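K.L.:
With the sequence up front, the predicted model follows.
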Amino acid sequence: MNLEKLDEPFAVEDIEWRVQQCGMASNGPWAMVLCYVTNRAIMKRLDEICGKAGWRNEYRDIPNNGGVECGISIKVGDEWITKWDAAENTQIEGVKGGRSGAMKRAAVQWGIGRYLYQLEERFAVCSAERNNSWNKASFKDKQTNKYVNIWWETPILPTWALPPQPAKPSLDEIITSFNEQAMKAETEQQLTDCYKSAWAAVGDSKPHQKQVIDIFKLRKQDFKQAA
């Protein structure tokens, strides 16, 4: 078990953003946002690194505080090591929200998602006009005493905060792979599907397009002869 792998960055879909503060300025709405790793992704990371039986969590309420503590334990050798952190119960789904927040913070104690703390608080791109593809936030206008809705766009994470992307295969590697797949194809439909993928992968390279076509024609001829 390599606990250092707990520190690795998460994919974009494993990150959630929330508004810390928002309001309206003279030049329009604004929202300061923070990002966290989802609890689902935390559990998956622990399963992958520690094994399903190699970790556990537990909760305990904080008396007279309205908060909750979460302890994440990992079995290292024959010993269980526990790291704790706490969070206040939230206004919406209070206990559930508090437990979720406490687990996220306890995970950071183990290094999970800690790299996100290097991101400074950032202002999201906002609009006062409804945009269903963006996120909605609300704030209470002090002058009217009414809630005002604004919409904000999910920020883009910097490259260093994302998992390393696998190297793209070279055009020659694409041709080699297509040739192998074409030889393994058991039906003309499988061959056609492989052909379409290879054609899209080689892009505008004329020489490689010709190679894809030649391989496709030769393999298709094999099917005709076998019929």
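P.N.:
Perfect, thanks for sending it.

K.L.:
next one: the least confident helix or strand in the chain by mean pLDDT to chain centre, how far?
P.N.:
One helix or strand of the chain scores below all others by mean pLDDT, DSSP states H and E: helix 94-109, with a mean of 86. Centroid separation for helix 94-109 versus its chain: 18 Å, with C-alpha atoms, centre = their mean, to the nearest Å.

K.L.:
contacting residues around that helix?
P.N.:
When contacts are defined by C-beta atoms under 8 Å, 6 or more residues apart in numbering, helix 94-109 is touched by residues 36-37, 39, 42, 57, 59, 66-72, 83-91, 113-114, 117. In short, each C-beta sits where N, CA and C put it, glycine included.

K.L.:
Go through those and flag which are in helices.
P.N.:
Assigned to helices by DSSP state H, the following of the contacts of helix 94-109 qualify: 39, 42.

K.L.:
Can I have the buried ones of the contacts of helix 94-109 as a ChimeraX selection?
P.N.:
With 16 or more other C-beta atoms under 10 Å as the burial test, the buried ones among the contacts of helix 94-109 are selected in ChimeraX as follows:
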select :36,37,39,42,57,68,69,70,71,72,83,85,86,87,89,113
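
K.L.:
At which residues are the helices of the protein located?
P.N.:
39-50, 94-109, 171-184, 188-202, 206-226.

K.L.:
highest average neighbour count across these?
P.N.:
helix 94-109 (a mean of 19; mean count of other C-beta atoms under 10 Å).

K.L.:
Just want the angle from that helix to helix 39-50.
P.N.:
40 degrees (axes from the mean of the first three to the mean of the last three C-alpha atoms, to 10 degrees).

K.L.:
Look up the closest residue to residue 49, ignoring the ones flanking it.
P.N.:
residue 5 (5.1 Å; C-beta to C-beta, 6 or more residues apart in numbering).

K.L.:
re the thing from before, can I get the helices of the chain in JSON lines including distance to residue 149?
P.N.:
Listed next are the helices of the chain as JSON lines, based on distance: least, C-beta to C-beta, whole Å:
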{"stretch": "helix 39-50", "distance to residue 149": "27"}
{"stretch": "helix 94-109", "distance to residue 149": "21"}
{"stretch": "helix 171-184", "distance to residue 149": "48"}
{"stretch": "helix 188-202", "distance to residue 149": "42"}
{"stretch": "helix 206-226", "distance to residue 149": "51"}
